[in-house]
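predicted model, plus sequence, below.
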Amino acid sequence: MAQIPLERIRNIGISAHIDSGKTTLTERFLFYTGRIHEIHEVRGKDGVGAKMDSMDLEREKGITIQSAATFAVWGDYNVNIIDTPGHVDFTIEVERSLRVLDGAILVLDSVAGVQSQSITVDRQMKRYKVPRIAFINKMDRAGANYRRVAQMLKEKLGHHPVCIQVPIGAEDRFLGVIDPIVGKAFYFDGEKGEIVRTEPVPAEYADQVKEARAEIITLVADVDDKLAEKFINEEPISNEDLKAAIRRATIALKMTPVMCGSAYKNKGIQTLLDGICDYLPNPKEVENIAHDQKNNEAKVILEHDFKKPFVGLAFKLEDGRYGQLTYMRCYQGKISKGDFIVNCSRELKRLKIPRIVRMHSNEMNDIETAYAGDIVALFGVECASGDTFTDGDVQVTMTSMHVPDAVISLAVAPKERAATANFSKALNRFTKEDPTFRVHRDEESAQTIISGMGELHLEIYIERMKREYQCEVIAGKPQVAYRETITQKGEFYYTHKKQTGGSGQYAKVCGYLEPLPADAVETYEFVDEVSGGAIPREFIPACDKGFKMAVEKGSLIGFPVWGVRCVINDGGFHAVDSSEMAFKTAALMGFREGYAAARPVILEPVMKVEVTAPEEFQGSVVGQLNQRRGTILETSNAEGYLTAVAEVPLNNMFGYSTDLRSATQGKGEFTMEFARYSAVPKNEQEEMIKKYKEKQAAEAAARK
């Protein structure tokens, strides 16, 4: 396969709120670029399902669970596409995709507009500085409003939206789109919208299109100096000038081009593909930074040059029929089948590449060489998600993706003893593939605990164990990931003395604990203010270790302690009896002393819940949220539907889907994502502490 010039490569992702039509849109991309020859719907009656939803579970539930990669050719351009899940429980799939992409399409529903998950994916795009085009989908829906949704981009997401199309009609009269830049109307004929008919602008739209072009020039000139100069000097602005300015401003993250269409009705997709090629960056136009491990982590800007040493990032792992499949984005240089590469994030072991493939959902196309700018998959390369690979000539690492904390846990065990080996295999594979899926063993209860981003997240993995590993699982009641913290300063003066024949143990630590500021990034901080050699320097790290051990398990209900600064400012030692162990123990016990004095409280995860239901059920929806200790943040009504946004403690959300369905005749839907940690009410806290103490007493009695 001939190497495509970098200028003609686009690496894009499709992200949006659940049910906005991402997978349907990708399906149309593949059809119009000739990658597939038949369109299948996400919840199609033919039982085939969309190409990009290759898992049986995805087809049954009609949702995307894993991000899927594919590639297509549009005109002279090679477009690598990653379709990502919309459900917040699978947010890591969006994180890891955006980490390696150069551009993205933010899909919005023409009626609902910017929804809660749209805000989350937009935040992720901003985190990785990904330029994006906003595509307003479902223009055929009753209540579709292109301009209103574009305005929501400005109000809710802080974008600088520029509508670069004019829809021809809306709702059931949505016929096509007009491009005011070139002054042409596009209609999509044929059974599947495959014939693009270009016509002059209809007479009734002439004034609107003229105004739209003038508005585009004004809005783009606000954020692009070159165009602003021409605009101020009243020089003529050609179509090429305007397109180039839109491209510059989009790549510089100063504006968001807004386009529209209906993926389901096959309208506006080919013009969106043109927009991707015209306005989103090629790999050369994005700055990628690595850190030189041989030079104190100095920043190195990677160049998409095939002659330079190879650098690639493994961003996703999958366990396939032929072993581990490692998805990799190539940032510099090139690799070929049979080459050796080195994992710079781990033990610097040389690995041989036996096979390189380009992915088309779950199909593979073998290739000999992968170049900078490509997204490929490798076989036989053992690693973890987020590892950096080079050809060994350089030793650099790239920053990995942001991994959110788990908010929910379940105790699980195989139903039959014979399935234990498969149970372990499944857990090993899932933790390797998904950094937000965590497994640990609770030593006290001897249970295996799985943790994740929500009920659906864990439910899917339990179902996958049953289907893929023939291992039925018994799951306990979901356990919320509580945290503990302190609310005031608490001092400690602890002396650890132990004399048991021979050398004893002696260490004295003095200091205080105090709450960290609410906006602190870290959850634990150690400050050494010891002066005059009260504690010898070699024992200071032991104090830090002791405090770290103490924050792992708080004394209220045994959950980790967050948001605490541990300060030591004095102490004492013995020339013979002081040791690292003694100071570690003194710090651990000193922490407990200070913790008791610092008015500790229990924190619970609070979720942001967005509910949509027909307006007639408004009273029931709001009432249910209030019953679950929810705080209503906003309610809005549009096109006969209510949208309520509330913050509700996660512990009160179990079983909510059933209650919502029964209260809304099955018409209500909700999405939920982690918002923050908040203090548990006093009466509930006392009840929780009482139960924890009873449990500890029972376990102590059982040990005797």
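Here it is on my side, so go on. Quantities reported herein were computed from a predicted structural model and do not represent experimental measurements.

got the CA positions of stretch 157-176 in PDB?
Output in PDB follows, covering the C-alpha atoms of stretch 157-176 (Å, rounded to 0.1, in the frame of the first residue of the first chain):
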ATOM      1  CA  LEU A 157     -19.800  25.000  26.600                       C
ATOM      2  CA  GLY A 158     -18.200  28.400  26.100                       C
ATOM      3  CA  HIS A 159     -17.500  27.700  22.400                       C
ATOM      4  CA  HIS A 160     -17.300  30.300  19.600                       C
ATOM      5  CA  PRO A 161     -19.800  28.500  17.300                       C
ATOM      6  CA  VAL A 162     -20.000  29.500  13.600                       C
ATOM      7  CA  CYS A 163     -22.900  28.000  11.600                       C
ATOM      8  CA  ILE A 164     -21.200  27.200   8.200                       C
ATOM      9  CA  GLN A 165     -24.400  25.700   6.700                       C
ATOM     10  CA  VAL A 166     -28.000  26.700   6.200                       C
ATOM     11  CA  PRO A 167     -30.500  23.800   6.500                       C
ATOM     12  CA  ILE A 168     -33.100  23.500   3.700                       C
ATOM     13  CA  GLY A 169     -36.200  23.000   5.900                       C
ATOM     14  CA  ALA A 170     -36.400  21.100   9.100                       C
ATOM     15  CA  GLU A 171     -38.400  18.200  10.800                       C
ATOM     16  CA  ASP A 172     -40.200  16.100   8.200                       C
ATOM     17  CA  ARG A 173     -39.500  18.800   5.500                       C
ATOM     18  CA  PHE A 174     -35.700  18.700   5.900                       C
ATOM     19  CA  LEU A 175     -34.500  18.300   2.400                       C
ATOM     20  CA  GLY A 176     -30.700  19.100   2.400                       C
END
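
so for it, what gets flagged as buried?
By 16 or more other C-beta atoms under 10 Å, the buried positions in stretch 157-176 come out as 157, 159, 161-168, 170, 174-176. C-beta here means a position set from N, CA and C on the backbone, and glycine is covered the same way.

give me the subset of those residues that lies in strands.
When those are checked against strands (DSSP state E), the matches are Pro161, Val162, Cys163, Val166, Pro167, Ile168, Gly176.

name the nearest of those relative to Lys608.
Proximity of these to Lys608 was ranked by C-beta to C-beta; the top entry is Pro161 with 23.6 Å.

hmm, that closest one is touching Thr250, no?
No: the pair formed by Pro161 and Thr250 falls short of the contact definition of C-beta atoms under 8 Å, at 11.2 Å.

where does the stretch 601-704 of the chain have low pLDDT?
Applying pLDDT under 70 to the stretch 601-704 of the chain picks out residues 704.

one step back: which residues are in contact with both of Pro161 and Thr250?
Both Pro161 and Thr250 are contacted by Thr256, under the criterion C-beta atoms under 8 Å, 6 or more residues apart in numbering.

hang on, the earlier thing: in a markdown table: the buried residues of stretch 157-176, plus pLDDT and distance to Glu552.
Formatted as a markdown table, those follow (pLDDT from 0 to 100; distance: C-beta to C-beta, whole Å):
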| residue | pLDDT | distance to Glu552 |
| --- | --- | --- |
| Leu157 | 90 | 38 |
| His159 | 93 | 42 |
| Pro161 | 95 | 46 |
| Val162 | 95 | 51 |
| Cys163 | 95 | 53 |
| Ile164 | 95 | 53 |
| Gln165 | 94 | 55 |
| Val166 | 94 | 59 |
| Pro167 | 94 | 56 |
| Ile168 | 93 | 62 |
| Ala170 | 86 | 57 |
| Phe174 | 91 | 57 |
| Leu175 | 92 | 62 |
| Gly176 | 94 | 61 |
